[in-house]
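Novice: From the sequence below, what's the structure:
(one chain, ligands or ions: 1)
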Amino acid sequence: MKLQGIHKSYDDLVVIEDLNLTIEENEITCILGPSGCGKSTLLNILANILKPDEGKIHEKKEKIGYVFQEDRLLPWKSVYENIKLVNKNANDLKIRELIEIVGLEGFENATPSKLSGGMRQRVSIARAFNFQAEMLLMDEPFKSLDYDLRLNMVNSLVEIWNKWNNSIVFVTHEIDEALLLGNKIVVLDKNPCTVKEIIKIDKSQHLRSLDSIELVNIRGKLINLLQGNGKKIFKTA
Ligand SMILES: Nc1ncnc2c1ncn2[C@@H]1O[C@H](COP(=O)(O)OP(=O)(O)OP(=O)(O)O)[C@@H](O)[C@H]1O
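Specialist: Residues are numbered from 1 along each chain as shown. Okay, here's the model as predicted:
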C-alpha cells in the first residue's frame, strides 16, 4: 500500500502534510512519533476510516484488522468465543493454536472480567490474527501495560507474526517496542506530521537483543530524531 502526498487537517489545524509512505507486504512497519503528532489520524487514513484532504492511496487493502489501545472484547463472551467471532469459519485447531501462542491455554472459557489487562490484550491480538486481515493496524496496543509485560507481549506478537506473516502497521511511542518489532521504523515529525526518517532493520525479530550494538546505535539515533518538535501550524484564511 502506498500513500502519496497525503494532507489532512481538522478545521484549521494542519495535522498531516505531504506524507509519503509505502507499507510493504509481510513486514512489520513501526510508526514512531511524539504524542499528538498524528499517528492515529494516519492509521485511520490507512484503515479507510478517514479520507485525506489531498493525496493518493495506491494498492488499497480491503480486509484490514485494527487492534486498539483498549481490548474491545465482548464482556459476555469467553476467550474462545471472542477470538472465534471475527472468523466463524476458523477451525477449532487454529483457534486453540492462537490461544496457545498468546499463552492463554486453560483460559478458553473465561470471560474478560476474569482476566488481567495484559491477558485481555492477548485475546485481542489472537482475535486480530484470526480475522486474517491483509493488513493489521495496531494503535499502541500495549500502552496500558508495564515495561516487562510489554516486552512479553512483543515476544508473543513476534511469534504469532512469524507464523502468519501479514503486513502489520504498529504505532507506538516506545522506542524499544519499535526496535524489537520493526522491519522498518518510520519516524514521524510533529506539527505537521511528515516522515522524518525511515530506518530498516534486516535482522529477524527472533535474533534481536536490545543490548546488541546494532540496536543500541539505532536507539541513539531514534532518540535524537524524536527530540525537538515543531510548533502547531494553522491554515491562514
Ligand atoms: N476529530 C478530531 N477533530 C479535531 N482535532 C483532532 C481530531 N482528531 C485528532 N485531532 C488533533 O489532531 C492532532 C493529531 O491527533 P492524533 O490522535 O492523530 O495524534 P496521535 O499521534 O495519535 O496522538 P497520541 O500519541 O496522543 O495517541 C492532535 O492535535 C489532535 O488534538
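
Novice: Convert stretch 121-129 to PDB, retaining C-alpha atoms only.
Specialist: This file holds the C-alpha atoms of stretch 121-129, laid out as PDB (Å, rounded to 0.1, in the frame of the first residue of the first chain):
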ATOM      1  CA  GLN A 121      -4.900  -7.600  25.200                       C
ATOM      2  CA  ARG A 122      -3.500 -11.100  24.300                       C
ATOM      3  CA  VAL A 123      -7.000 -12.200  23.400                       C
ATOM      4  CA  SER A 124      -7.500  -9.100  21.200                       C
ATOM      5  CA  ILE A 125      -4.200  -9.900  19.400                       C
ATOM      6  CA  ALA A 126      -5.300 -13.600  18.900                       C
ATOM      7  CA  ARG A 127      -8.600 -12.300  17.600                       C
ATOM      8  CA  ALA A 128      -6.900  -9.900  15.200                       C
ATOM      9  CA  PHE A 129      -4.900 -12.700  13.700                       C
END
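
Novice: Quick one: mean pLDDT for it?
Specialist: What stretch 121-129 shows for mean pLDDT is 90.

Novice: same thing with stretch 200-207?
Specialist: Stretch 200-207 carries an average pLDDT of 91.

Novice: Can you get me a residue count around Ile213?
Specialist: 8 (other C-beta atoms under 10 Å). C-beta: built from backbone N, CA, C; applies to glycine.

Novice: any idea of the pLDDT on it?
Specialist: 95.

Novice: Please report phi then psi for it.
Specialist: Main-chain torsions, Ile213, degrees, to the nearest 10: phi -60, psi -40.

Novice: Would you mind measuring from it to the ligand?
Specialist: Distance of Ile213 to the ligand, computed by C-beta to the nearest ligand atom, to the nearest Å: 30 Å.

Novice: And Tyr10, by the same measure?
Specialist: Look at Tyr10 and the ligand: by C-beta to the nearest ligand atom, they are 3 Å apart.

Novice: what residues are up against that residue?
Specialist: By C-beta atoms under 8 Å, 6 or more residues apart in numbering, Tyr10 lies in contact with nothing.

Novice: Start at 37, not 1
Specialist: Sure thing, new numbering starts at 37, so read that last one as Tyr46.

Novice: pLDDT of the helix or strand harbouring Leu129, averaged?
Specialist: Using DSSP states H and E, Leu129 sits within helix 128-137. For helix 128-137, the mean per-residue pLDDT is 92.

Novice: Just the residues contacting it, thanks.
Specialist: Contacts to helix 128-137, defined as C-beta under 8 Å, 6+ apart, come from residues 115-116, 119-120, 141, 143-144, 162, 165-166, 192, 195-196, 199.
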